[in-house]
Structure formats: C-alpha cells, structure tokens
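Visitor: give me coordinates for this.
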Amino acid sequence: ISPDLKECALRLWNHGWNVEDICDALGVSKTSCYRWRRIFDELGTVNKPPSPLKGPTRIITQALLTAIEDLFIEDSDFFLDEVCTWLTFEHQITISTSALSRNLTQAGLT
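Guide: Here you go, the predicted model:
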C-alpha cells in the first residue's frame, strides 16, 4: 500500500471520518489504519524505516576460506550453491549462498 494512500487515510481520520467509512472508501482494513496511526504517532511518517537487521552473519574461518580458495584453484567452475553443499558435507557448515557471497567478497575471493 502506497504511502499516499496511508496518509490519505490518516487525513480523513483527522477530519472526522469514521474508521469503518475510511476502510470502505479506500479498501483497507481497520487493523491497517490503526497500525498506520501508531507508526505515524511514533515516527512522524506512515512507513516504518527498513530494518537494519539481516539474518545472522556467518563468519567463515580463515582455514575454511583457504580450503574454498583451494577448491576454486582445482575447479574454477564451481557455483556458490555447489560450494555451500560442499561446506555442508565436508565441514558441517550450513550457510546461504548470499552469506557465502558476502564472506567471499569480504575476503577478496570474488
């Protein structure tokens, strides 16, 4: 739902419209209207800022980075999902392809 629609709903509410009428007119739920009001009251905007949190960052040890580097030296055609599978079976490390990519980038292996 666009910020414009959320702001419109709150403006109508501030001008004395009944919440049920706003929901009928704009096709939104009462729960959404109350949530937007709460967010606006807390933050001064109808949208929450994006969460800075990501999933847990998996740090691959230097020994594993060296093993991955050796793996790429042996066969440079490996895809990230194949490296993830290799890490799971050979080293009991479960890691997503995105986390592996971040770790390899940080280590300068891309």
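Visitor: so, low pLDDT: which residues of this structure?
Guide: Filtered on pLDDT under 70, the chain yields the residue ranges 51-59.
Visitor: mind giving me the packing neighbours of the helix or strand containing Thr105?
Guide: Per DSSP states H and E: Thr105 is located in helix 97-106. When contacts are defined as 3 or more Cβ pairs under 8 Å, 6 or more residues apart in numbering; DSSP states H and E, helix 97-106 sits against helix 62-74, helix 80-91. C-beta: built from backbone N, CA, C; applies to glycine.
Visitor: just how off-centre is the last one within its chain?
Guide: So that's helix 80-91. On the basis of Cα atoms, centre = their mean, to the nearest Å, helix 80-91 sits 24 Å off its chain's mean C-alpha point.
Visitor: what residues of that helix count as buried?
Guide: Buried residues in helix 80-91, counted by 16 or more other Cβ atoms under 10 Å: Leu80, Val83, Cys84, Leu87.
Visitor: same check, this time on the first one
Guide: Of the residues in helix 62-74, Leu64, Leu65, Ala67, Ile68, Leu71 count as buried by neighbour count, 16+ other Cβ under 10 Å.
Visitor: can you list contacts of it?
Guide: By Cβ atoms under 8 Å, 6 or more residues apart in numbering, the surrounding residues in contact with helix 62-74 are Ile60, Phe78, Val83, Trp86, Leu87, His91, Ile93, Asn103, Leu104, Ala107, Leu109.
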